[in-house]
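A.B. asks: Provided below for reference: sequence and predicted model.
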Amino acid sequence: MHPLRNLFAWSGIICLLLVTNANAIPYSFTKVADNSGTFATGGFARPYLNDVGTVAFKGDLNNGTSGIYVGNGGALGTVATTVGTFNILSTGLSINNSGTVAFAAKLDVPGAGIFIGKAATVPTPAVSGGTFSNSGFDDVRINDAGTLAFRATNSNKGVWTGAGSTYTLVALEGAGGFLEVTDPISLTSTGTVVFFAATAPSVGGIYSNEGGTAHEVVGAPSYLFPRGGAMNDSGAMVFSGITPGQLGLYVRKNNIDTPIATSQGPISSFDEMGINAAGAVAVYMELDSGDFGIFNGPDLVANNIIRKGDALFGGTVSDLFYNDGGAINDAGQVAFSYILTNGQQGVALATPLPEPASAGVLFAAAFAVARRRIS
């Protein structure tokens, strides 16, 4: 073959490879915990992930106890267990970048509260008594400054935020026009809380306390039945909502909504979702075929992270569980719990692999090969 034709042939092959792999991000998968040992079948809650790749989750053990654990593929650390002080541990926990886990718990003696702790340390109470006497607590978020956001139930349910001994009410059911207030979805580094609230039956929106007062940021008439609302520290937010004729997934930044995917195709719904500092998203999607998975975009092949039917740890995925607002980190890692067709269950961490060499590098390599042949 003539040397120049050889160069063109190499270039064509490389271009084909680049086009074929456009936007595809391969992942490696690390097993954080599974039910092959002390963990019980059906005992893994949705995990939460920090930016250094540490996964926190609640797990139930074969001996009937439960615990809150942290890990990244090596030995697990124990934050709290139901042996001793705690009677029931919540599944709605979070972990910040220093490894501090915030969680709600009921005590062996009457009472409940929100506690913070790290692996191998004794958790300390963060919220209990006073205003929150006899309260029930739900999902808890903690940021790197130690600020908390959580939902507490006393006479009515409300969302609160604060640190130390000072907590401020963000929204309360039966006040300010709120019929229902749900768990906080996001808590940014600056203390902005994002949550969902309903103002009437079947009428709700995504709210934020940015600026000091709770206000709707996504809702009717622009979007019906919105959900999601995970927000990163730059204020970009991922959410879904119904516009005329379709359900869509969007990222809002600087008050501009960019569509990511719609239901006019193989996707039927968007459920749990997260967004990282770079604006990358990971979303649990249900498909018209009845399948489901976690995707980072609309292409069910190129944007697939993990889905039903995929091979994983020697088995085949039959179910997946993902966390709103806390399961994709700034490195693009994604944490999830899984069930395989062979009975294996556990918690896993998906890590994006380094991108392949760029087109320029590959073309330069091809040119060098051809040039050597010309010489």
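C.D. replies: In hand now; what should we look at? These numbers come from a predicted model, not from an experiment.
A.B. asks: C-alpha only now, for contacts and for neighbours.
C.D. replies: Fine.
A.B. asks: which ones are touching the residue positioned nearest the centre of the chain?
C.D. replies: Geometric centre of the chain, nearest residue: A327, 2.5 Å, by C-alpha atoms, centre = their mean. Taking C-alpha atoms under 8 Å, 6 or more residues apart in numbering, we find A327 in contact with P47, Y48, L49, N50, G274, Q333, V334, A335, F336.
A.B. asks: Kindly provide the distance from it to G164.
C.D. replies: Distance, A327 to G164, using C-alpha to C-alpha, to the nearest Å: 26 Å.
A.B. asks: check contacts around T168.
C.D. replies: By C-alpha under 8 Å, 6+ apart, T168 lies in contact with W160, T161, G162.
A.B. asks: what about the second one, helix or strand, and which?
C.D. replies: Secondary structure assignment for T161, by DSSP states H and E: strand 157-163.
A.B. asks: Average pLDDT for that strand, rounded please.
C.D. replies: Here strand 157-163 scores 94 as its mean pLDDT.
A.B. asks: Now do the helix or strand following it against strand 157-163: the angle between them, please.
C.D. replies: Proceeding C-terminally, strand 157-163 gives way to strand 166-172 as the next helix or strand, assigned by DSSP H and E. Interaxial angle of strand 166-172 relative to strand 157-163 (axes from the mean of the first three to the mean of the last three C-alpha atoms, to 10 degrees): 150 degrees.
A.B. asks: Parallel or antiparallel, which strands does strand 166-172 pair with?
C.D. replies: strand 157-163 (antiparallel) (DSSP bridges).
A.B. asks: so how many other residues sit close to the nearest residue to D271 once chain neighbours are set aside?
C.D. replies: Of all residues not flanking D271 in the chain, Y284 sits nearest, at 5.3 Å (C-alpha to C-alpha, 6 or more residues apart in numbering). Per other C-alpha atoms under 10 Å, the neighbour tally for Y284 reads 24.
A.B. asks: Please, where are all the strands along the stretch 101-250 of the chain?
C.D. replies: For the stretch 101-250 of the chain, applying DSSP state E, counting those that start in this stretch gives strands covering 101-107, 112-117, 124-127, 136-142, 148-153, 157-163, 166-172, 180-187, 193-200, 203-208, 215-218, 224-231, 237-243, 246-253.
A.B. asks: Next, format those strands as JSON lines and append distance to A33.
C.D. replies: JSON lines is the format used below for the strands of the stretch 101-250 of the chain (distance: least, C-alpha to C-alpha, whole Å):
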{"stretch": "strand 101-107", "distance to A33": "18"}
{"stretch": "strand 112-117", "distance to A33": "20"}
{"stretch": "strand 124-127", "distance to A33": "26"}
{"stretch": "strand 136-142", "distance to A33": "22"}
{"stretch": "strand 148-153", "distance to A33": "27"}
{"stretch": "strand 157-163", "distance to A33": "31"}
{"stretch": "strand 166-172", "distance to A33": "35"}
{"stretch": "strand 180-187", "distance to A33": "25"}
{"stretch": "strand 193-200", "distance to A33": "30"}
{"stretch": "strand 203-208", "distance to A33": "34"}
{"stretch": "strand 215-218", "distance to A33": "37"}
{"stretch": "strand 224-231", "distance to A33": "26"}
{"stretch": "strand 237-243", "distance to A33": "29"}
{"stretch": "strand 246-253", "distance to A33": "31"}
